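Peer 1: Here is my input; please provide its structure:
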Amino acid sequence: MRKVPLFWVTVWLGVCVGSSSAQPFGGPPQRVRGHTMLPPAFAGTPASFQLSAVAQYLVAQGDLAESVAIARKIHAEAAAQEIENWVDHVDAYFERKRIWEAAQREKNPSYIDREAHRREILKRRIEEQISDVSRGDVTKPLNWLLAELFGPMAYQCFSGHQSAGDWPVDETLRKALQSATEQQLRQEDLHLIRFKAGKLEFPANQAKVLAGFWPPGLSGPDFEFARANFEKARDNVLAELKAQGQVSHASGEALVGAVNDLFVVLDETYTSEDRRNASVSLTYHEAKRYLRSLLLQVQRVIRTHDRSVFDGTLCFQGGTILDLLQHMYQTGVVFAPPEPGGERVYKGVLMTNLRNIYMAMGSEEPSS
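Peer 2: As a prediction, the model looks like this:
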C-alpha cells in the first residue's frame, strides 16, 4: 500500500516537468523543443505497471497538446506570411509597372506631351532666339503669337470697339500698340500676306480662294491648257457659290477633274528618267505638293456652306498692323504661308510688331 502514493507522486512530478518544459504559446521560438521521458518500469506489480502506463499516457497527452498548439501557431504564422508575401508581390508588380510606364512615357511621350513640349520650345525660341526663328518659315510662329495675343485682353486691344484711351495703362504695352497703329501696310505688302480659313488660303486683300500662285513646276507652257481649264472650272464653281450658296454636282466634278488633269500633265512632263536629276526632282515634288494642297482646298470649297469665304467678308480693308490684328481677331482667320517674296513682310513687319506686343503684354500684367 505504500507504493501507491509514491507512484502518484511520480506521475504528478512527471506531468509538472513535462508542462514546465513546454513552449508557452506566443513566446519566442526555440530551436529544439524538449520532450518529457519517464523512466521505464522494469519490475513491479500489475498495479504499478498500470500506474506507469497511465503516467506515460498523461505525459503523451500533454506532449500532444503542446505539439498541436505549436503547430497551430506555426500554421497561422505561415498563412500570415503568405498573405504578406502576396501583398508584397502585388506591390512590387505595380511598382515595376509604374517605373516601366514612366520610362516609356519619357521615351515615347504622348501626343499631348509632345505638343506641349514643342509649344514650350517655340515659346522660348520666340522670346529668346527671335533671330534664329526668323531664319526659316515664320508662319507657325506668327500663328502662335496670334493665339497668345488673342487671349484674355483680346477684346480690349483688338476688338475694334475700344479707342486708344481705353487701352491698358501699362506704358510698355501702350507704346507697342501705338507703334502697331502707326505701322502702315502697303497694298503690295498686303498682296503678299495670305490668310487661311480652314483649308482655304487666299490673299489678305482679295479673299479670293483657289487663286494662289503657280509654282515653277506648273508655270511652264506645257501646263497652259490644263491651268486654263482649272481656272475656268474654278470661276464657275465660285459663281455658283455666290449665286446659289452651293455647288452643282457637274461643276464640282469638273473642278476636281481639272485638278486631276494637272496631276496627269505633271507626270507626263517630268518623267521618271527626268526626275533622276536633283533639280528636276525638287521642282516636280514641289509642284506635286502644291497640287495635293490644291485638291484639298477644292474639296473644301465644294462642301462648304460658309458663304463668308466667297462674299468678301474675309477680305482685309484696313491699312495698319493693328487693323490687321483686329480683322483677324474678328474673322478668325490665321496666317497661311506667304506668297513668293512675301517672306520680307512676314519677317520684317509682322513678326517684329507681333512679338513687340507679345513681349509688352508679358512684361507686366496690365490692369483693365
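Peer 1: make it CA atoms for all contacts and neighbour counts henceforth
Peer 2: OK.
Peer 1: all strands in the stretch 151-300 of the chain, in order from the N-terminus.
Peer 2: Ranges of strands in the stretch 151-300 of the chain, per DSSP state E, counting those that start in this stretch, are 194-197, 200-203.
Peer 1: export the ones you listed to CSV and tack on mean neighbour count?
Peer 2: Formatted as CSV, the strands of the stretch 151-300 of the chain follow (neighbours: other C-alpha atoms under 10 Å):
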stretch, mean neighbour count
strand 194-197, 22
strand 200-203, 24
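Peer 1: Dump those to TSV, plus mean pLDDT and distance to Gly341.
Peer 2: Listed next are the strands of the stretch 151-300 of the chain as TSV, based on pLDDT from 0 to 100; distance: least, C-alpha to C-alpha, whole Å:
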stretch	mean pLDDT	distance to Gly341
strand 194-197	83	12
strand 200-203	78	13
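Peer 1: now these as TSV including distance to Cys315?
Peer 2: Listed next are those as TSV, based on distance: least, C-alpha to C-alpha, whole Å:
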stretch	distance to Cys315
strand 194-197	9
strand 200-203	8
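Peer 1: Which stretch among these approaches Pro338 most closely?
Peer 2: Of all those, strand 194-197 sits nearest to Pro338, with 5.7 Å by C-alpha to C-alpha.
Peer 1: Quick check: which element contains Asn356?
Peer 2: helix 352-363 (DSSP states H and E).
Peer 1: chain center to that helix: distance?
Peer 2: Distance of helix 352-363 from the chain centroid (C-alpha atoms, centre = their mean, to the nearest Å) equals 27 Å.
Peer 1: contact partners of it?
Peer 2: With contact meaning C-alpha atoms under 8 Å, 6 or more residues apart in numbering, helix 352-363 is reached by 126-127, 142, 145-146, 148-149, 172-173, 176-177, 179-180, 321.
Peer 1: Name the residues of that helix that come out as buried.
Peer 2: Thr352, Asn353, Leu354, Arg355, Asn356, Ile357, Tyr358, Met359, Ala360, Met361 (16 or more other C-alpha atoms under 10 Å).
Peer 1: on contacts alone, who are the packing partners of the helix or strand containing Leu64?
Peer 2: Leu64 is part of helix 46-107 when elements are defined by DSSP H and E. Judged by 3 or more C-alpha pairs under 8 Å, 6 or more residues apart in numbering; DSSP states H and E, helix 46-107 is in contact with helix 3-21.
Peer 1: quick one: average pLDDT of the helix it packs on?
Peer 2: If you average the pLDDT over helix 3-21, you get 49.
Peer 1: Just the element for the residue nearest the centre of the chain, please.
Peer 2: The residue lying closest to the centre of the chain (C-alpha atoms, centre = their mean) is Ile112, at 1.0 Å. For Ile112, the host element (DSSP H and E) is helix 111-128.
Peer 1: who's in contact with the closest residue to Thr320 other than its chain neighbours?
Peer 2: Nearest non-adjacent residue to Thr320, counting by C-alpha to C-alpha, 6 or more residues apart in numbering: Gln184, 4.4 Å away. By C-alpha under 8 Å, 6+ apart, Gln184 lies in contact with Gly319, Thr320, Ile321.
Peer 1: distance of Gln184 from His75?
Peer 2: Relative to His75, Gln184 is positioned 91 Å away (C-alpha to C-alpha, to the nearest Å).
Peer 1: Also Leu149?
Peer 2: 72 Å.
Peer 1: If you count surrounding residues, which of the two has more?
Peer 2: Leu149 (21 against 12; other C-alpha atoms under 10 Å).
Peer 1: Now for the more buried one: which residues touch it?
Peer 2: Taking C-alpha under 8 Å, 6+ apart as the test, what Leu149 contacts is Ile357, Tyr358.
Peer 1: likewise Pro337?
Peer 2: Taking C-alpha under 8 Å, 6+ apart, one finds Asp137, Thr139, Arg194 in contact with Pro337.
Peer 1: would it count as being in a helix?
Peer 2: No: per DSSP: H, G, I helix; E, B strand; the rest coil, Pro337 lies outside any helix segment and is coil.
Peer 1: So what does it look like in phi/psi?
Peer 2: With angles defined as degrees, to the nearest 10, Pro337 sits at phi -50, psi 140.
Peer 1: quick thing: my sequence starts at 290, can you match it?
Peer 2: Yep, numbering from 290; the last one is Pro626 now.
Peer 1: show me where pLDDT drops low in the stretch 390-539 of the chain?
Peer 2: 441-459, 496-498, 500-501 (pLDDT under 70).
Peer 1: what's the pLDDT at the nearest residue to Glu471 once chain neighbours are set aside?
Peer 2: Excluding its sequence neighbours, the residue lying closest to Glu471 (C-alpha to C-alpha, 6+ apart) is Thr609, at 6.7 Å. What the model reports as pLDDT for Thr609 is 84.
Peer 1: Pull up the gap between Thr609 and Ala367, please.
Peer 2: 84 Å.
Peer 1: Compare neighbour counts for the two and give me the winner.
Peer 2: Per other C-alpha under 10 Å, whichever of Thr609 and Ala367 has more neighbours is Thr609, with 17 against 12.
Peer 1: Provide the angle between the direction of the helix or strand where Gln619 lies and the direction of helix 641-652.
Peer 2: Taking DSSP H and E as the criterion, Gln619 maps to helix 610-620. With axes from the mean of the first three to the mean of the last three C-alpha atoms, to 10 degrees as the basis, helix 610-620 and helix 641-652 are set at 80 degrees to each other.
Peer 1: which of the residues in helix 610-620 are buried?
Peer 2: Buried, per 16+ other C-alpha under 10 Å, within helix 610-620: Ile610, Leu611, Asp612, Leu613, Leu614, Gln615, His616, Met617, Tyr618.
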